[in-house]
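J.: coordinates only, sequence not included:
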DNA sequence: GCAAAGTGCTAACTGTAGTTAGCATAATGA
DNA sequence: TCATTATGCTAACTACAGTTAGCACTTTGC
């Protein structure tokens, strides 16, 4: 079921780093940590502190909350606190043109199947 | 203005513990950590890992997010600026995989600029 | 062909988180 | 009065997070 959160954190981080087109050293420098350490984190050999995680998240411009969840440090977003419905948010977003709104909704629906 | 988050964490924790009518040892046992360590945390001598923080939070039945913010580990609630934020909705949508989330965010961001 | 620079990795070290053992004081109760 | 128990604290240790130095392998450019 839920994959090991700690070892999974590594591959998640690596994924995000690659998607951001960053080398290990570049990402490490952005996060202000050493590249061997980031390497060890990505391979699941070390479990970074939350401070480090936050720094990495900032460096990769991704959500710290997301990272914490993957690190098993924060409990998964409880469905009970009723996160805003994404579809609804898109529909009512004033910053989107109608065309953009439609496109974004299409992408979203293709993902969640509906 | 904003007090030092790290040293402030200690007094915040102590406050919460006293409000819960727990002795140091009781709180430590509930959190599954040693009482000297909790003592040092409360006095700002040690900075606990996020895992420990989470355990303490659970023991005191308080919000882990709250604690993380006080620990300076999580940035203060960001949704103040945009009440119903599409970006936020996408980020916290449990139906999306991380890849999909990233992709959708990329599309959205390309639309609204930011 | 071969420097030069970029890739990720290993080894060995340092610092600090978190431990156990035990101290001093204050409150309870026989 | 004196043992007992709970309070928080200090000291000394262990484990591991995070460091620097440097290796082997590709890729780029002259």
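T.: Yep, it's here. Because the structure is predicted, anything quoted here is derived from the model rather than measured.
J.: any idea which helix or strand carries residue A:22?
T.: Per DSSP states H and E, residue A:22 falls between elements, in no helix or strand.
J.: domains in chain A, as residue ranges please.
T.: Here the domain parsing of chain A from automatic domain parsing is A:5-70, A:84-112.
J.: turn these into a markdown table, columns for mean neighbour count.
T.: C-beta here means a position set from N, CA and C on the backbone, and glycine is covered the same way. Listed next are the domains of chain A as a markdown table, based on neighbours: other Cβ atoms under 10 Å in any protein chain shown:
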| stretch | mean neighbour count |
| --- | --- |
| domain A:5-70 | 18 |
| domain A:84-112 | 15 |
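J.: and the ones you listed, which one averages the lowest pLDDT?
T.: Of all the domains of chain A, the minimum mean pLDDT falls on domain A:84-112 (a mean of 80).
J.: run the chain-centre distance for it.
T.: 20 Å (Cα atoms, centre = their mean, to the nearest Å).
J.: is it in proximity to chain B?
T.: Yes. Interface with chain B: domain A:84-112 contributes A:84-86, A:88-90, A:92-93, A:95-97, A:100, A:103-104, A:107-108, A:111-112 (Cβ under 8 Å from any Cβ of the partner chain).
J.: closest one to residue B:38 among the domains of chain A?
T.: In terms of Cβ to Cβ, the element of the domains of chain A nearest to residue B:38 is domain A:5-70, at 17.8 Å.
J.: is it true that residue A:112 touches residue B:90?
T.: No. Between residue A:112 and residue B:90 no contact is recorded; they are 11.3 Å apart, counting by Cβ atoms under 8 Å.
J.: list the contacts for residue A:14?
T.: residue A:42 (Cβ atoms under 8 Å, 6 or more residues apart in numbering or on different chains).
J.: do you know how far the residue with the largest distance to the centre of chain A is from DNA strand C?
T.: Distance from the C-alpha centroid of chain A, by Cα atoms, centre = their mean, peaks at residue A:98 (27.9 Å). Here the criterion is Cβ to the nearest atom of the strand, to the nearest Å. By it, residue A:98 lies 41 Å from DNA strand C.
J.: what does residue A:10 give?
T.: 10 Å.
J.: list the contacts for that residue?
T.: With Cβ under 8 Å, 6+ apart, residue A:10 has these contacts: A:41-44.
J.: turn these into CSV, including secondary structure.
T.: Output for these, formatted as CSV (DSSP: H, G, I helix; E, B strand; the rest coil):
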residue, secondary structure
A:41, helix
A:42, helix
A:43, coil
A:44, coil
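J.: ok, so of those, who is nearest chain B?
T.: Nearest to chain B, judged by Cβ to the nearest Cβ, of the contacts of residue A:10 is residue A:41 at 14.2 Å.
J.: list the residues that contact the closest residue to the closest one other than its chain neighbours.
T.: Once flanking residues are discounted, residue A:41 sits nearest to residue A:48: 5.3 Å by Cβ to Cβ, 6 or more residues apart in numbering or on different chains. Listed by Cβ under 8 Å, 6+ apart, the contact partners of residue A:48 are A:37, A:41, A:56, A:71.
J.: please report how far the last one lies from residue A:108.
T.: It stands for residue A:71. When Cβ to Cβ, to the nearest Å is the yardstick, residue A:71 and residue A:108 sit 27 Å from each other.
J.: follow-up on the earlier one: using the three-state scheme, assign the residue nearest to residue A:41.
T.: coil.
J.: that one and DNA strand C, how far apart?
T.: Distance from residue A:48 to DNA strand C, by Cβ to the nearest atom of the strand: 12 Å.
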